[in-house]
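> Quick one, structure for this:
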Amino acid sequence: MKYLVELEYVIIDKRVGFNLIGGGSTLFLDENMISLNSSNFSTDLGESNNLNQVSFSTNVGVGLDYEISPQFQINLEPIFKYQINTYTNNTDLNPYYFGVYTGFSFKF
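Numbering: from 1, shown residues only. So this is what the prediction gives:
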């Protein structure tokens, strides 16, 4: 389960738009099960022993919008996310990731 708060501040509001994005979320571990699934095989391997029940994440990024028409726009949002309090002990895992989100918006 995840609760997310995200703010977007518009810097440029023209045909090509530019936004700053920031936010945070609280993550609750719901089911701790590791499974191996393929097209003809499935098995449960057990539980992870290094995850906290509650963790947090923060994110920062930018949003680029292109308005094709007043009702239709496409967007591109590179986002950096950092997870806090995810693991119970020090591991070699990196608690951060970078993603590029794309999509389109249609206004009625």
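
> Contacts made by stretch 47-58 with the rest, please.
The contact list for stretch 47-58, computed with CB atoms under 8 Å, 6 or more residues apart in numbering, reads 22-29, 32-34, 81-89, 91. The way it works is simple: take the backbone N, C-alpha and C, and place the C-beta from them, glycine included.

> Kindly check the end-to-end length of that stretch for me.
Taking CA to CA, to the nearest Å, stretch 47-58 runs 26 Å from one end to the other.

> pLDDT (mean, whole number) over that stretch?
For stretch 47-58, mean pLDDT rounds to 86.

> just the strands in the protein please.
2-13, 16-28, 34-37, 42-46, 54-67, 72-84, 96-106 (DSSP state E).

> who's the most centrally placed residue in the chain bridged to?
The centroid of the chain falls nearest to K81 when counting by CA atoms, centre = their mean (6.8 Å). Note on K81: beta-bridge partners by DSSP bridges are N59, Y97.

> how near is the residue nearest to F18 when sequence neighbours are not counted to E31?
Distance criterion CB to CB, 6 or more residues apart in numbering; nearest residue to F18, sequence neighbours excluded, is I12 at 4.1 Å. I12 is 43 Å from E31, where distance means CB to CB, to the nearest Å.

> And these two? Which one has more around it.
Neighbours per residue (other CB atoms under 10 Å) separate I12 from E31, with I12 holding more: 11 against 5.

> you'd agree that one is up against L20?
No - contact criterion CB atoms under 8 Å: I12 and L20 do not qualify, at 10.6 Å.

> got a list of what the spatially closest residue to I21 that is not a sequence neighbour touches?
The shortest distance from I21 to any non-neighbouring residue, by CB to CB, 6+ apart, is to G61 (4.5 Å). Residues near G61 by CB under 8 Å, 6+ apart: 20-22, 77-80.
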